[in-house]
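>>> coords please:
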Amino acid sequence: MKAGASQNSGADLRAAVILAAALVLLFALRLVRIPVSPAVAALSLIVFMILVSLYVLSGVPGLRRRLRGLLREQPRRLWLLPAGLWTLSLIYGGLTGQFDLYLVAGGLIYCAVPCLLIERLRSAEPQLGILDLVVIIYLWFPVEFGWVPDLSVPPLGGMINYYHIAALILLITLYLVVRNLPDVGFTYRLRGPDIRTAIHSTLLFLPLALILGFPTGFIALNPRPPGLAEMAAALLAVYFFTGLPEELLFRGVIHNLIERRLLRAGRSRTTALIVSSIVFGLSHGNNNDAPFLEIPLGPLGVWRAPWVYMILATLAGFFYGWTYIKTRRVTAAALVHALVDWLWGMFFHA
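Numbering: from 1, shown residues only. Purely as a prediction, here's the structure:
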(Lines give C-alpha, C1' and ligand atoms only; values in the text may rest on other atoms or scores of the structure.)
Protein backbone atom coordinates (compact mmCIF):
# COMPACT_ATOMS: atom_id res chain seq x y z
CA MET A 1 0.00 0.00 0.00
CA LYS A 2 1.32 3.43 -0.92
CA ALA A 3 2.19 5.89 1.85
CA GLY A 4 -0.57 8.33 0.85
CA ALA A 5 -3.21 5.60 0.82
CA SER A 6 -2.00 4.34 4.21
CA GLN A 7 -2.23 7.84 5.70
CA ASN A 8 -5.72 8.31 4.26
CA SER A 9 -6.82 4.97 5.68
CA GLY A 10 -5.46 5.93 9.10
CA ALA A 11 -7.26 9.29 8.95
CA ASP A 12 -10.52 7.55 8.00
CA LEU A 13 -10.15 5.10 10.87
CA ARG A 14 -9.40 7.83 13.43
CA ALA A 15 -12.39 9.87 12.24
CA ALA A 16 -14.66 6.81 12.42
CA VAL A 17 -13.54 5.91 15.96
CA ILE A 18 -14.09 9.50 17.16
CA LEU A 19 -17.54 9.68 15.55
CA ALA A 20 -18.56 6.28 16.94
CA ALA A 21 -17.41 7.33 20.43
CA ALA A 22 -19.40 10.58 20.16
CA LEU A 23 -22.54 8.65 19.19
CA VAL A 24 -22.08 6.19 22.08
CA LEU A 25 -21.61 9.10 24.50
CA LEU A 26 -24.74 10.80 23.18
CA PHE A 27 -26.69 7.54 23.55
CA ALA A 28 -25.40 7.07 27.11
CA LEU A 29 -26.41 10.60 28.11
CA ARG A 30 -29.94 9.99 26.88
CA LEU A 31 -30.02 6.47 28.34
CA VAL A 32 -29.54 7.70 31.91
CA ARG A 33 -32.84 9.59 31.65
CA ILE A 34 -34.82 6.45 30.81
CA PRO A 35 -36.32 4.41 33.69
CA VAL A 36 -34.69 1.03 33.08
CA SER A 37 -32.65 -1.14 35.42
CA PRO A 38 -28.84 -0.77 35.48
CA ALA A 39 -28.50 -4.23 33.92
CA VAL A 40 -30.81 -3.39 31.02
CA ALA A 41 -29.11 -0.01 30.57
CA ALA A 42 -25.67 -1.65 30.43
CA LEU A 43 -26.89 -4.31 27.99
CA SER A 44 -28.54 -1.66 25.79
CA LEU A 45 -25.33 0.36 25.74
CA ILE A 46 -23.30 -2.70 24.71
CA VAL A 47 -25.72 -3.59 21.91
CA PHE A 48 -25.76 0.01 20.70
CA MET A 49 -21.94 0.08 20.71
CA ILE A 50 -21.80 -3.09 18.60
CA LEU A 51 -24.34 -1.84 16.05
CA VAL A 52 -22.89 1.67 15.78
CA SER A 53 -19.34 0.34 15.50
CA LEU A 54 -20.31 -1.95 12.61
CA TYR A 55 -22.15 0.94 10.94
CA VAL A 56 -19.68 3.78 11.45
CA LEU A 57 -16.51 1.76 10.86
CA SER A 58 -17.92 0.63 7.51
CA GLY A 59 -17.21 4.20 6.43
CA VAL A 60 -13.49 3.37 6.38
CA PRO A 61 -12.64 2.38 2.77
CA GLY A 62 -9.57 0.41 3.89
CA LEU A 63 -11.68 -1.79 6.16
CA ARG A 64 -14.20 -2.38 3.39
CA ARG A 65 -11.39 -3.43 1.03
CA ARG A 66 -10.03 -5.84 3.62
CA LEU A 67 -13.47 -7.33 4.23
CA ARG A 68 -13.98 -7.65 0.46
CA GLY A 69 -10.75 -9.61 0.23
CA LEU A 70 -11.77 -11.94 3.04
CA LEU A 71 -15.12 -12.62 1.39
CA ARG A 72 -13.44 -13.36 -1.94
CA GLU A 73 -11.23 -15.93 -0.24
CA GLN A 74 -14.14 -17.59 1.54
CA PRO A 75 -17.56 -16.39 0.28
CA ARG A 76 -19.37 -18.30 3.02
CA ARG A 77 -17.99 -15.86 5.58
CA LEU A 78 -20.75 -13.49 4.45
CA TRP A 79 -23.21 -15.58 6.44
CA LEU A 80 -21.48 -14.65 9.68
CA LEU A 81 -23.08 -11.19 9.40
CA PRO A 82 -26.79 -12.13 9.18
CA ALA A 83 -26.25 -14.96 11.67
CA GLY A 84 -24.55 -12.60 14.12
CA LEU A 85 -27.16 -9.82 13.75
CA TRP A 86 -30.02 -12.28 14.20
CA THR A 87 -28.44 -14.07 17.18
CA LEU A 88 -27.64 -10.79 18.94
CA SER A 89 -31.24 -9.64 18.46
CA LEU A 90 -32.54 -12.86 20.06
CA ILE A 91 -30.21 -12.52 23.03
CA TYR A 92 -31.08 -8.87 23.57
CA GLY A 93 -34.80 -9.46 23.04
CA GLY A 94 -34.80 -12.38 25.49
CA LEU A 95 -32.92 -10.49 28.21
CA THR A 96 -35.06 -7.34 27.91
CA GLY A 97 -38.52 -8.94 27.72
CA GLN A 98 -39.00 -8.30 23.98
CA PHE A 99 -38.67 -11.88 22.79
CA ASP A 100 -41.49 -13.26 20.59
CA LEU A 101 -41.97 -15.58 17.63
CA TYR A 102 -41.93 -12.71 15.14
CA LEU A 103 -38.50 -11.69 16.39
CA VAL A 104 -37.30 -15.26 15.78
CA ALA A 105 -38.91 -15.91 12.39
CA GLY A 106 -39.13 -12.35 11.07
CA GLY A 107 -35.59 -11.48 12.08
CA LEU A 108 -34.16 -14.65 10.52
CA ILE A 109 -36.00 -14.16 7.23
CA TYR A 110 -35.16 -10.46 7.05
CA CYS A 111 -31.44 -11.05 7.58
CA ALA A 112 -31.06 -14.19 5.46
CA VAL A 113 -33.08 -13.55 2.28
CA PRO A 114 -31.08 -10.57 0.90
CA CYS A 115 -27.85 -12.51 1.43
CA LEU A 116 -29.29 -15.45 -0.53
CA LEU A 117 -30.21 -13.12 -3.39
CA ILE A 118 -26.84 -11.36 -3.37
CA GLU A 119 -25.16 -14.75 -3.76
CA ARG A 120 -26.68 -14.88 -7.25
CA LEU A 121 -25.41 -11.36 -8.05
CA ARG A 122 -21.91 -11.72 -6.64
CA SER A 123 -20.19 -11.88 -10.03
CA ALA A 124 -22.71 -9.80 -12.02
CA GLU A 125 -22.08 -6.27 -13.32
CA PRO A 126 -23.12 -3.73 -10.63
CA GLN A 127 -25.97 -2.07 -12.54
CA LEU A 128 -29.67 -1.86 -11.79
CA GLY A 129 -31.29 -5.24 -12.44
CA ILE A 130 -34.38 -7.09 -11.27
CA LEU A 131 -32.61 -8.89 -8.43
CA ASP A 132 -31.00 -5.65 -7.27
CA LEU A 133 -34.45 -4.02 -7.16
CA VAL A 134 -35.77 -6.96 -5.16
CA VAL A 135 -32.93 -6.76 -2.63
CA ILE A 136 -33.24 -2.96 -2.26
CA ILE A 137 -37.01 -3.10 -1.81
CA TYR A 138 -36.68 -6.06 0.55
CA LEU A 139 -34.31 -4.14 2.81
CA TRP A 140 -36.06 -0.77 2.48
CA PHE A 141 -39.83 -1.42 2.64
CA PRO A 142 -39.96 -3.36 5.93
CA VAL A 143 -38.14 -0.47 7.63
CA GLU A 144 -40.26 2.19 5.87
CA PHE A 145 -43.58 0.52 6.70
CA GLY A 146 -42.71 -0.87 10.13
CA TRP A 147 -42.66 -4.54 9.17
CA VAL A 148 -39.33 -5.39 10.81
CA PRO A 149 -39.41 -6.86 14.33
CA ASP A 150 -40.11 -4.15 16.89
CA LEU A 151 -36.95 -4.51 18.96
CA SER A 152 -36.28 -1.24 20.77
CA VAL A 153 -32.88 -0.28 22.19
CA PRO A 154 -33.45 0.37 25.08
CA PRO A 155 -36.82 -1.37 25.59
CA LEU A 156 -38.35 1.92 26.83
CA GLY A 157 -38.03 5.35 25.27
CA GLY A 158 -38.08 4.28 21.64
CA MET A 159 -34.57 5.60 20.92
CA ILE A 160 -33.69 3.23 18.06
CA ASN A 161 -35.06 0.07 16.49
CA TYR A 162 -32.41 -2.65 16.38
CA TYR A 163 -33.41 -3.76 12.91
CA HIS A 164 -33.23 -0.26 11.45
CA ILE A 165 -29.48 -0.26 12.11
CA ALA A 166 -29.19 -3.93 11.13
CA ALA A 167 -30.80 -3.09 7.77
CA LEU A 168 -28.24 -0.36 7.18
CA ILE A 169 -25.33 -2.68 8.04
CA LEU A 170 -26.71 -5.29 5.62
CA LEU A 171 -27.16 -2.70 2.86
CA ILE A 172 -23.60 -1.41 3.24
CA THR A 173 -22.09 -4.89 3.32
CA LEU A 174 -24.10 -6.29 0.42
CA TYR A 175 -23.63 -3.33 -1.92
CA LEU A 176 -20.44 -1.53 -0.92
CA VAL A 177 -18.51 -4.71 -0.13
CA VAL A 178 -19.99 -7.70 -1.98
CA ARG A 179 -21.43 -5.87 -5.01
CA ASN A 180 -18.57 -3.34 -4.82
CA LEU A 181 -20.42 -0.34 -6.26
CA PRO A 182 -17.82 2.17 -7.47
CA ASP A 183 -17.66 5.90 -6.75
CA VAL A 184 -19.92 5.77 -3.71
CA GLY A 185 -17.56 7.95 -1.68
CA PHE A 186 -18.46 6.61 1.75
CA THR A 187 -15.61 8.34 3.59
CA TYR A 188 -15.55 10.78 6.48
CA ARG A 189 -12.61 12.74 5.00
CA LEU A 190 -14.65 15.59 3.54
CA ARG A 191 -12.51 18.19 1.78
CA GLY A 192 -13.06 21.95 1.88
CA PRO A 193 -14.74 21.99 -1.57
CA ASP A 194 -17.05 19.13 -0.46
CA ILE A 195 -18.24 21.09 2.57
CA ARG A 196 -18.67 24.28 0.53
CA THR A 197 -20.73 22.39 -2.05
CA ALA A 198 -22.90 20.93 0.73
CA ILE A 199 -23.52 24.36 2.26
CA HIS A 200 -24.19 25.83 -1.19
CA SER A 201 -26.79 23.13 -1.93
CA THR A 202 -28.48 23.70 1.42
CA LEU A 203 -28.73 27.45 0.83
CA LEU A 204 -30.14 26.91 -2.67
CA PHE A 205 -32.82 24.52 -1.43
CA LEU A 206 -34.02 26.48 1.61
CA PRO A 207 -35.69 29.40 -0.26
CA LEU A 208 -37.60 26.92 -2.43
CA ALA A 209 -38.77 25.05 0.67
CA LEU A 210 -39.92 28.26 2.37
CA ILE A 211 -41.68 29.59 -0.74
CA LEU A 212 -43.68 26.37 -1.08
CA GLY A 213 -43.97 25.47 2.60
CA PHE A 214 -45.29 28.65 4.20
CA PRO A 215 -48.19 29.49 1.82
CA THR A 216 -49.49 25.92 1.88
CA GLY A 217 -49.33 25.75 5.68
CA PHE A 218 -46.90 22.85 5.50
CA ILE A 219 -44.35 24.56 7.74
CA ALA A 220 -44.33 27.29 10.38
CA LEU A 221 -41.69 28.91 12.52
CA ASN A 222 -40.79 27.19 15.76
CA PRO A 223 -41.35 29.83 18.47
CA ARG A 224 -39.05 28.03 20.94
CA PRO A 225 -35.92 26.58 19.32
CA PRO A 226 -33.81 24.38 21.64
CA GLY A 227 -30.52 25.36 23.25
CA LEU A 228 -27.10 25.10 21.63
CA ALA A 229 -26.12 21.83 23.33
CA GLU A 230 -29.31 20.13 22.20
CA MET A 231 -28.86 21.54 18.68
CA ALA A 232 -25.33 20.14 18.43
CA ALA A 233 -26.42 16.71 19.68
CA ALA A 234 -29.40 16.75 17.31
CA LEU A 235 -27.20 17.53 14.29
CA LEU A 236 -24.92 14.56 15.03
CA ALA A 237 -27.91 12.25 15.55
CA VAL A 238 -29.73 13.46 12.42
CA TYR A 239 -26.59 13.02 10.32
CA PHE A 240 -25.97 9.41 11.35
CA PHE A 241 -29.52 8.14 11.84
CA THR A 242 -31.40 9.98 9.08
CA GLY A 243 -29.13 11.77 6.60
CA LEU A 244 -26.41 9.18 6.05
CA PRO A 245 -28.69 6.08 6.07
CA GLU A 246 -31.05 7.61 3.49
CA GLU A 247 -28.19 8.87 1.33
CA LEU A 248 -26.46 5.50 1.40
CA LEU A 249 -29.69 3.98 0.11
CA PHE A 250 -30.85 6.63 -2.37
CA ARG A 251 -27.59 8.13 -3.63
CA GLY A 252 -25.03 5.47 -2.73
CA VAL A 253 -27.03 2.52 -4.06
CA ILE A 254 -30.16 3.55 -6.01
CA HIS A 255 -28.72 6.59 -7.81
CA ASN A 256 -25.47 4.76 -8.50
CA LEU A 257 -27.25 1.78 -10.04
CA ILE A 258 -29.60 4.01 -12.09
CA GLU A 259 -26.69 6.16 -13.25
CA ARG A 260 -24.63 3.18 -14.38
CA ARG A 261 -27.57 1.73 -16.31
CA LEU A 262 -28.50 5.03 -18.00
CA LEU A 263 -24.91 5.90 -18.89
CA ARG A 264 -24.55 2.52 -20.59
CA ALA A 265 -27.71 3.37 -22.57
CA GLY A 266 -26.18 6.68 -23.69
CA ARG A 267 -28.13 8.91 -21.27
CA SER A 268 -26.63 11.71 -19.19
CA ARG A 269 -25.91 12.00 -15.48
CA THR A 270 -28.56 14.74 -15.36
CA THR A 271 -31.19 12.22 -16.44
CA ALA A 272 -30.06 9.86 -13.69
CA LEU A 273 -30.23 12.74 -11.20
CA ILE A 274 -33.81 13.60 -12.21
CA VAL A 275 -34.94 9.97 -12.09
CA SER A 276 -33.38 9.30 -8.67
CA SER A 277 -34.83 12.58 -7.32
CA ILE A 278 -38.33 11.56 -8.41
CA VAL A 279 -37.86 8.15 -6.81
CA PHE A 280 -36.81 9.91 -3.59
CA GLY A 281 -39.87 12.18 -3.73
CA LEU A 282 -42.26 9.30 -4.35
CA SER A 283 -40.76 7.39 -1.43
CA HIS A 284 -42.32 10.00 0.86
CA GLY A 285 -45.81 9.28 -0.43
CA ASN A 286 -46.77 7.30 2.67
CA ASN A 287 -46.09 10.18 5.10
CA ASN A 288 -48.99 11.59 7.05
CA ASP A 289 -48.21 15.30 6.59
CA ALA A 290 -50.91 17.67 5.28
CA PRO A 291 -51.89 19.06 2.85
CA PHE A 292 -53.10 16.00 0.98
CA LEU A 293 -54.28 15.32 -2.55
CA GLU A 294 -56.80 12.48 -2.70
CA ILE A 295 -56.10 10.23 -5.67
CA PRO A 296 -58.58 7.39 -6.36
CA LEU A 297 -56.89 4.04 -6.95
CA GLY A 298 -59.92 1.97 -7.89
CA PRO A 299 -60.24 -1.20 -5.82
CA LEU A 300 -57.22 -0.17 -3.75
CA GLY A 301 -59.14 2.79 -2.31
CA VAL A 302 -57.95 6.40 -2.16
CA TRP A 303 -54.36 7.53 -1.81
CA ARG A 304 -54.07 10.61 0.38
CA ALA A 305 -50.87 11.86 -1.20
CA PRO A 306 -48.93 14.46 0.86
CA TRP A 307 -48.24 16.45 -2.31
CA VAL A 308 -46.28 19.32 -0.74
CA TYR A 309 -44.06 16.91 1.15
CA MET A 310 -43.45 14.88 -2.02
CA ILE A 311 -42.57 17.95 -4.10
CA LEU A 312 -40.21 19.24 -1.42
CA ALA A 313 -38.63 15.79 -1.08
CA THR A 314 -38.11 15.64 -4.86
CA LEU A 315 -36.48 19.09 -4.85
CA ALA A 316 -34.37 18.15 -1.85
CA GLY A 317 -33.39 14.89 -3.55
CA PHE A 318 -32.22 16.90 -6.55
CA PHE A 319 -29.85 18.95 -4.39
CA TYR A 320 -28.67 15.90 -2.46
CA GLY A 321 -27.98 14.17 -5.76
CA TRP A 322 -26.32 17.24 -7.26
CA THR A 323 -23.99 17.37 -4.25
CA TYR A 324 -23.20 13.71 -4.70
CA ILE A 325 -22.43 14.12 -8.41
CA LYS A 326 -20.23 17.17 -7.75
CA THR A 327 -18.26 15.59 -4.88
CA ARG A 328 -18.67 11.84 -5.49
CA ARG A 329 -18.96 11.55 -1.72
CA VAL A 330 -22.15 10.16 -0.28
CA THR A 331 -21.13 11.64 3.07
CA ALA A 332 -21.26 15.14 1.52
CA ALA A 333 -24.79 14.49 0.24
CA ALA A 334 -25.65 13.26 3.73
CA LEU A 335 -24.38 16.54 5.17
CA VAL A 336 -26.87 18.49 3.01
CA HIS A 337 -29.62 16.06 4.01
CA ALA A 338 -28.76 16.39 7.68
CA LEU A 339 -28.57 20.18 7.56
CA VAL A 340 -31.98 20.40 5.88
CA ASP A 341 -33.60 18.01 8.38
CA TRP A 342 -31.81 19.67 11.30
CA LEU A 343 -32.89 23.20 10.32
CA TRP A 344 -36.40 21.87 9.80
CA GLY A 345 -36.52 20.28 13.25
CA MET A 346 -34.82 23.09 15.16
CA PHE A 347 -36.41 26.22 13.63
CA PHE A 348 -39.53 25.06 11.81
CA HIS A 349 -42.27 22.54 12.32
CA ALA A 350 -45.01 21.04 10.22
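>>> Pass me the low-pLDDT residue ranges in this protein, would you?
Along the chain, segments meeting pLDDT under 70 span 1-8, 123-124, 126-128, 183, 349-350.
>>> can you point me to the longest helix in it?
Longest helix of the chain, by residue count under DSSP state H: helix 3-31.
>>> Check the gap between the most centrally placed residue in the chain and Gly97 for me.
The centre of the chain sits closest to Pro245, judged by C-alpha atoms, centre = their mean, with a distance of 1.0 Å. Distance from Pro245 to Gly97, counting by C-beta to C-beta, to the nearest Å: 27 Å. All C-beta atoms are positioned from the backbone trio N, CA, C, and that covers glycine.
>>> Equivalent analysis for Met310, please.
39 Å.
>>> Which residue of these two possesses the greater neighbour count?
Between Met310 and Gly97, counting by other C-beta atoms under 10 Å, Met310 is the more crowded of the two (20 against 9).
>>> Figure out the helix or strand that that one lives in.
Element membership for Met310, per DSSP states H and E: helix 307-327.
>>> Measure how far that helix is from the centre of its chain, please.
15 Å (C-alpha atoms, centre = their mean, to the nearest Å).
>>> now do stretch 312-330
Chain-centre distance of stretch 312-330: 14 Å, with C-alpha atoms, centre = their mean.
>>> picking that back up, show me what the helix holding Met310 is packed against.
helix 192-213, helix 269-282, helix 330-347 (3 or more C-beta pairs under 8 Å, 6 or more residues apart in numbering; DSSP states H and E).
>>> Quick one: closest of those helices to Val253.
Of all the helices and strands packed on helix 307-327, it is helix 330-347 that lies closest to Val253, at 9.3 Å by C-beta to C-beta.
>>> Just the buried positions in the closest one, please.
330-346 (16 or more other C-beta atoms under 10 Å).
>>> Stretch 132-142 now?
Buried residues in stretch 132-142 (16+ other C-beta under 10 Å): Asp132, Val135, Ile136, Tyr138, Leu139, Trp140, Pro142.
>>> Could you report the distance from the last one to Leu88?
Read that as Pro142. Pro142 is 18 Å from Leu88, by C-beta to C-beta.
>>> which SS class is Gly217?
Three-state call for Gly217 (DSSP: H, G, I helix; E, B strand; the rest coil): coil.
>>> residues in contact with it?
By C-beta atoms under 8 Å, 6 or more residues apart in numbering, the contact list for Gly217 reads Ala290, Pro291.
>>> now do 6 Å
Gly217 makes contact with no residue, according to C-beta atoms under 6 Å, 6 or more residues apart in numbering.
>>> Let me know the distance separating it from Asp289.
Applying C-beta to C-beta to Gly217 and Asp289 gives a distance of 11 Å.
>>> Kindly report the same for Met231.
Met231 is 23 Å from Asp289, by C-beta to C-beta.
>>> ok, back up a step: I'd like the helices and strands packed on helix 307-327 as TSV, with distance to Leu176 appended.
Formatted as TSV, the helices and strands packed on helix 307-327 follow (distance: least, C-beta to C-beta, whole Å):
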stretch	distance to Leu176
helix 192-213	19
helix 269-282	17
helix 330-347	9
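>>> what's the closest of those helices to Leu51?
helix 330-347 (18.1 Å).
>>> outside of the closest one, which residues touch it?
So helix 330-347 is contacted by 184-186, 190, 194, 198, 201-202, 222, 225, 231, 235, 238-239, 242-244, 247-248, 251-252, 316, 320, 323-324 (C-beta under 6 Å, 6+ apart).
>>> Could you identify the buried members of the residues you listed?
Buried among these (16+ other C-beta under 10 Å): 184-186, 190, 194, 198, 201-202, 235, 238-239, 242-244, 247-248, 251-252, 316, 320, 323-324.
>>> Show me this protein divided up by domain.
When the chain is parsed with automatic domain parsing, its domains come out as 1-180, 184-350.
>>> Please enumerate the helices of the stretch 151-300 of the chain.
For the stretch 151-300 of the chain, the helices defined by DSSP state H, counting those that start in this stretch cover 162-172, 192-213, 228-238, 244-247, 256-264, 269-282.
>>> Deepest-packed of those, please.
With neighbours taken as mean count of other C-beta atoms under 10 Å, the helices of the stretch 151-300 of the chain reach their highest mean count in helix 244-247, at a mean of 25.
>>> Tell me how far stretch 263-282 lies from the chain's centre.
20 Å.
>>> show me the contacts for Phe218.
Val308.
>>> and the gap between it and Leu339?
Distance, Phe218 to Leu339, by C-beta to C-beta: 19 Å.
>>> for Asn287, same thing?
Counting by C-beta to C-beta, the gap from Asn287 to Leu339 is 20 Å.
>>> re the thing from before, wait, which of the helices and strands packed on helix 307-327 is closest to Ala16?
Between the helices and strands packed on helix 307-327, helix 330-347 lies closest to Ala16; by C-beta to C-beta that is 11.1 Å.
>>> With that, I have no additional questions.
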